[in-house]
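Novice: turn this into a structure:
(one chain, ligands or ions: 1)
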Amino acid sequence: MLLHAFVPASRANGPGLRAVIYFQGCSLHCAKCWNPATHKFRGVEVPVLEVVQRFEEASQFGSLEGATFSGGEPMQQAEALLELMRTFRRTAPAVSLGMFTGYTESELACGRFVTRLGATVEQKCELWRAVRGLLDFAVMGRYDQTQPSIAPLRTSRNQRLVLFSSRYQEGDFGPQLVEISIEESGKSVLTGFPVLGVPA
Ligand code: SF4
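Specialist: Predicted structure coming up:
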């Protein structure tokens, strides 16, 4: 998979302490997207198993409740996303899985999305069915700068928080946060909701 970044621990991307896996590549071009560095389908190709291994290593430093897939657009790498989710469900079944996608549920359900590997419409419908069956929650829909939102996890009012399993309820999703993670190399990664303002 094309990986943009891996954040080992975040409280800004869903319930509890979660790893955040940023897919590289998105062709949706929402105006004023705050993460344009994730748009090009170019970068580091990382085996899915390596991502799971990074999650396991991160779990040793704090009990992770789940993983959240972000981007970029995870569904534009749906084949790798599904492999990753299946591996999580096999190796860490208690871990919850969430996703940010710029697509709506109806677009995904009828295969109206693109994948990096050029899946057919039938394949895309099947990919979404399989991904949906493994998800606990997703935030769905394009970012629309004209409809700002302060609702948990949603940056614009058109976006929907969809619960796919009985694990969570709306009240489990806390207010929007901004986080800055500093890696051992000194590189810093901004996560969460900088539309609210970046800490000084
Ligand atoms: S879907 Fe997300 S990453 Fe893609 S352009 Fe829209 S806001 Fe940016």
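Novice: packing partners for the strand with the most length in the chain?
Specialist: Using DSSP state E to define each element, the chain has its longest strand at strand 2-10. Where contact means 3 or more C-beta pairs under 8 Å, 6 or more residues apart in numbering; DSSP states H and E, strand 2-10 is packed against strand 18-23, strand 44-45, helix 48-59, strand 178-182, strand 188-192. C-beta here means a position set from N, CA and C on the backbone, and glycine is covered the same way.
Novice: can you list the weak-confidence ranges in this protein?
Specialist: For the chain, applying pLDDT under 70 flags the ranges 194-200.
Novice: related to what we said a few turns ago, most packed of the helices and strands packed on strand 2-10?
Specialist: Comparing the helices and strands packed on strand 2-10 by mean neighbour count (mean count of other C-beta atoms under 10 Å), strand 18-23 ranks first with a mean of 26.
Novice: which other residues reach that one?
Specialist: The contact list for strand 18-23, computed with C-beta atoms under 8 Å, 6 or more residues apart in numbering, reads 1-11, 13, 38, 51, 54-55, 58, 64-74, 76-77, 80-81, 84, 96, 98, 191.
Novice: what's the answer for stretch 71-86, then?
Specialist: Outside stretch 71-86, the residues that reach it (C-beta under 8 Å, 6+ apart) are 1-2, 4, 21-28, 35, 38-39, 41, 48, 51-52, 69, 97, 99-103, 108, 113-117, 119, 124, 127-128, 130-131, 134-135.
Novice: and the residue in the chain positioned nearest to the ligand, what does it touch?
Specialist: Proximity to the ligand, evaluated over the chain using C-beta to the nearest ligand atom, is greatest for G102 at 2.6 Å. Shown in contact with G102 (C-beta under 8 Å, 6+ apart): C26, L28, C30, E73, G141, R142, Y143.
Novice: near the ligand, which residues of the chain?
Specialist: 26, 28-30, 33, 35, 38, 71-73, 102, 142-143 (C-beta under 6 Å from any ligand atom).
Novice: in the protein, which spans are helices?
Specialist: 48-59, 78-91, 105-109, 121-134 (DSSP state H).
Novice: return the most buried member of those helices.
Specialist: The most buried one of these (mean count of other C-beta under 10 Å) is helix 78-91, showing a mean of 19.
Novice: correct me, but S96 touches N13?
Specialist: No - using C-beta atoms under 8 Å, S96 makes no contact with N13, being 11.5 Å away.
Novice: neighbour count for those two, which is higher?
Specialist: Ranked by neighbour count (other C-beta atoms under 10 Å), S96 and N13 place N13 first, with 25 against 22.
Novice: contacts only, for that one.
Specialist: For N13, counting by C-beta under 8 Å, 6+ apart, the contacting residues are V7, V20, T68, S70, G98, F100, L153, T191, G192.
Novice: let's go with 10 Å and repeat that
Specialist: 7, 19-21, 66-70, 98, 100, 139, 153, 177, 179, 191-193 (C-beta atoms under 10 Å, 6 or more residues apart in numbering).
Novice: cheers, nothing more for now.
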